[in-house]
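>>> can you look at this prediction? I've put the sequence above it.
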Amino acid sequence: MAAPSGPPALRPRLMDRYRRFLPVTDSTPSLTLGEGATPLVRASRLGATLGLSNLYLKIEGQNPTGSFKDRGMVVAVSKAAEAGAAAIVCASTGNTSASAAAYGAAAGMEVIVVLPKGQIAVGKLLQALMAGARVVAIDGNFDEALGIVRALAEQDDHPVTLVNSVNPFRIEGQKTAAFEVCDDLGCAPDILAIPVGNAGNISAYWQGFREYADAGLVDRTPRMWGFQAAGAAPLVVGHRVDHPDTIATAIRIGDPASWTKAIDARDRSGGRIDAVSDDEILAAYRALARQEGIFCEPASAASVAGVTRAAAAGELESDALIVCVLTGHGLKDPTTAERQAASVIEAGASVGAVSVALGW
Ligand code: AN7
């Protein structure tokens, strides 16, 4: 039997499934690591706690490198390959670099990532290094790293393609998550809640919902609810934050590149962009794991933290159709998990000792 030329039929390639909405041509290489088609899970127990009967979670941590970045990266790297690029570069709070490293490796490209030193979750850093990316850690934050890679990509002596979300192909790929939400629900949700850092993803979802509505595939668009961490909430305070700080390192960003697009998504959708505290983020992070069995990274829990607060304030109809995007996998950041988790119970190697340890 001949080997299949792509992934098995049950898992269509993201770029094939939504090809009519993507900048894909016959000369675009068909790169894939199996991205997209992530689960939309009904959060019954957490929903009951919050008084919400239609709360859903979009589990983007189930992408190949464990975050939503893969949707955009597969398109950006494919288009870079189509254009003949031999090298890609990005700045990152971690997930973009993990994704760029993986897709760059799969495409046979050189990958360079520039990161804020000491501010990257250990799993993400190891993903980039294992995939063979050259990792440069700067004495500065993400916003400074982005400024540096933008300048590097403009130099002529070392041709390199920038794959941060200022690369429009990233947004094109990421909008497919909105398509999947609509396809799975059979309609658009009332509210789409999402963490916001550099603001590419909220812009991508909004674009996706609008394109689906324009194509007549859904009859409305959701209200876009973005949530930033309180210590890194430039879109909420209305000005750049020079020293962003939060436990949710993925969204530790003070000067979002897609600022205008995010504000546009908020305003045109009748939505909101609010700040949630690190304590609220961590409470949602624990609740997701304990009540739903879903282990996301801290930044991802900002979406649920925001909906939790709105529910507590009585701002939500109990039957509102709400989708919270969980952008990245919990295993990426074992350090935060270790600090939030219960302790192991130690016991001797006998039934009696284990029973005693369990308090039986
Ligand atoms: C888990 O990896 O910016 O608002 O450099 O990793 O589109 O930036 C990551 C962002 C949310 C925010 N959740 O998305 C990077 C980076 C997780 C993330 C965001 C990020 P954007």
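Good, I have the coordinates.
>>> how about the residues of the chain near the ligand?
67, 92-96, 165, 195-201, 250-251, 297, 299-300, 327-328 (Cβ under 6 Å from any ligand atom). C-betas here are computed from N, CA, C, even on glycine.
>>> which of those residues fall in strands?
Taking DSSP state E, the ones among the residues of the chain next to the ligand that sit in strands are Pro195.
>>> okay, strands next: where are they in the stretch 201-350 of the chain?
223-229, 272-276, 322-326 (DSSP state E, counting those that start in this stretch).
>>> list the buried ones in the first one?
Of the residues in strand 223-229, those with enough neighbours to count as buried (16 or more other Cβ atoms under 10 Å) are Arg223, Met224, Trp225, Gly226, Phe227, Gln228, Ala229.
>>> tell me how many other residues crowd the closest residue to the last one other than its chain neighbours.
Of all residues beyond its chain neighbours, the one nearest Ala229 is Thr246 (3.4 Å), with distances taken as Cβ to Cβ, 6 or more residues apart in numbering. Applying other Cβ atoms under 10 Å, we find 24 residues neighbouring Thr246.
>>> hmm, Thr246 is touching Asp278, no?
Yes. In this structure, Thr246 is within contact of Asp278 by Cβ atoms under 8 Å, at 5.7 Å.
>>> so what's in contact with those two at the same time?
Where contact means Cβ atoms under 8 Å, 6 or more residues apart in numbering, the residues bridging Thr246 and Asp278 through contact with each are Ala229, Ala230, Gly231.
>>> identify the residues contacting Gly104.
Contacts here follow Cβ under 8 Å, 6+ apart; on that basis Gly104 touches Val77, Ile88, Glu110, Val111, Ala131, Ala133.
>>> PyMOL command for the buried members of the residues you listed?
For anyone working in PyMOL, the buried entries among these, judged by 16+ other Cβ under 10 Å, can be selected with:
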select buried, resi 77+88+110+111+131+133
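>>> which of the contacts of Gly104 fall within strands?
For the contacts of Gly104, membership in strands holds for Ile88, Glu110, Val111, with DSSP E as the criterion.
>>> from these, pick the one nearest Asp274.
Among the ones in strands among the contacts of Gly104, Ile88 lies closest to Asp274 (Cβ to Cβ), at 33.8 Å.
>>> for that closest one, name its beta-bridge partners.
When bridges are called by DSSP bridges, Ile88 pairs up with Val111, Thr161.
>>> look up how far Leu125 lies from it.
Remark: distance between Ile88 and Leu125 (Cβ to Cβ, to the nearest Å) = 18 Å.
>>> likewise for Pro234?
To Leu125, Pro234 is 25 Å away according to Cβ to Cβ.
>>> try Glu82
Here Glu82 is placed at a distance of 29 Å from Leu125 (Cβ to Cβ).
>>> neighbour count winner among the two?
Neighbour comparison, Glu82 and Leu125: the larger count goes to Leu125, with 20 against 16 (by other Cβ under 10 Å).
>>> next, that one: phi, psi?
Leu125 has phi and psi values of phi -60, psi -40 when expressed as degrees, to the nearest 10.
>>> quick revisit: need the ones in strands among the contacts of Gly104 in TSV with pLDDT, can you?
What follows is the ones in strands among the contacts of Gly104, written out as TSV (pLDDT from 0 to 100):
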residue	pLDDT
Ile88	98
Glu110	98
Val111	98
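>>> make JSON lines out of those and add distance to Ala289.
Below are the ones in strands among the contacts of Gly104 laid out as JSON lines (distance: Cβ to Cβ, whole Å):
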{"residue": "Ile88", "distance to Ala289": "34"}
{"residue": "Glu110", "distance to Ala289": "37"}
{"residue": "Val111", "distance to Ala289": "32"}
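>>> quick check, nearest of these to Gly352?
So of the ones in strands among the contacts of Gly104, ranked by how close each gets to Gly352 (Cβ to Cβ), first place is Val111, at 54.3 Å.
>>> need the contact list for that closest one.
With contacts defined as Cβ under 8 Å, 6+ apart, Val111 is in contact with Ala87, Ile88, Val89, Ala100, Ala101, Gly104, Ala105, Ala128, Ala131, Gly132, Ala133, Arg134.
>>> ok, now Ala98?
Contacts for Ala98 were tallied using Cβ under 8 Å, 6+ apart; they are Thr65, Gly66, Ser67, Lys69, Ser92, Gly123, Lys124, Gln127, Ala128, Ala131, Lys332.
>>> okay, helices next: where are they in the stretch 201-350 of the chain?
234-237, 259-269, 278-287, 301-312, 334-340 (DSSP state H, counting those that start in this stretch).
>>> now these as CSV including mean pLDDT and mean neighbour count?
Written out in CSV, the entries for the helices of the stretch 201-350 of the chain read as follows (pLDDT from 0 to 100; neighbours: other Cβ atoms under 10 Å):
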stretch, mean pLDDT, mean neighbour count
helix 234-237, 98, 19
helix 259-269, 98, 18
helix 278-287, 98, 20
helix 301-312, 98, 26
helix 334-340, 97, 14
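>>> any chance of the ones you listed in TSV, plus distance to Glu60?
Rendered in TSV, the data for these read as follows (distance: least, Cβ to Cβ, whole Å):
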stretch	distance to Glu60
helix 234-237	21
helix 259-269	18
helix 278-287	15
helix 301-312	11
helix 334-340	18
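>>> so Gly328 bridges to which residues?
Listed beta-bridge partners, Gly328: Ser67 (assigned using DSSP bridges).
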